[in-house]
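Undergrad: Here is the input, now give the coordinates:
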Amino acid sequence: MQIDPRTGWCSSARRCPSPNFNARPAGEVSLLVVHNISLPPGQFGCGEVENLFCNRLDPQAHPYFAGIAHLQVSAHFLIERDGSLTQFVSCNERAWHAGVSCFAGREQCNDFSLGIELEGTDELPYSEAQYAVLGALTRELLRVYPDITAERICGHSDIAPGRKTDPGPAFDWARYLGSLGTEVQA
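TA: Numbering: from 1, shown residues only. So this is what the prediction gives:
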């Protein structure tokens, strides 16, 4: 797995460009945020996350979609249950994944973070394939963006407490951080 630092695109990811991004104010990449998402909620492999991130979600396709189809959101990466990796936004650009957020007293985390969405829910265990791809992707991101350290890897719930709960209690932080190497373990 390789990320081209000039373009911010990962060679191992399927590319599906989202229109929901803009330039980073300072070009800084120093935080990694782990999320989860499933559309419809609790259903996997439907392709609707891609539709949401690309502004193609049909509000008539499911009752839940009527309330979210208007949103303009994205993430840099999505890792599906089978380990498939899709990239929606270059790592050098600002994806719209964190919303109202704060890390270490600094607001607007989208300005300086990368967002990885795991197809899942707070309560269901993530798959072996997801952990394998998440570990490999994170190791590459740490190589390319050295300002991301173990202390600067967090969940959406950490930067938006009370508003967000993902990646949830089903996410195995010790397993994930342990897969990154001893120098990154928390």
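
Undergrad: Look up how far A66 lies from the residue of the chain positioned farthest from its centre.
TA: Of all residues in the chain, Q60 has its C-alpha farthest from the mean position, at 26.2 Å, by CA atoms, centre = their mean. From Q60 across to A66, the span is 8 Å (CB to CB, to the nearest Å). For the C-beta atoms, the positions are set from N, CA and C on the backbone; glycine is no exception.

Undergrad: Remind me what the longest helix anywhere in the chain packs against, helices and strands.
TA: The longest helix of the chain (DSSP state H) is helix 128-144. Using 3 or more CB pairs under 8 Å, 6 or more residues apart in numbering; DSSP states H and E, the elements in contact with helix 128-144 are strand 31-37, strand 77-79, strand 113-119, helix 173-178.

Undergrad: Report the strands that pair with the first one, each with its relative direction.
TA: By that I understand strand 31-37. strand 113-119 (parallel), strand 153-155 (parallel) (DSSP bridges).

Undergrad: Also the shortest one?
TA: According to DSSP bridges, the neighbouring strands of strand 77-79, each with its direction, are strand 85-87 (antiparallel), strand 113-119 (parallel).

Undergrad: mind listing what E93 touches?
TA: Taking CB atoms under 8 Å, 6 or more residues apart in numbering, we find E93 in contact with G8, F21, N22, A23, R24.
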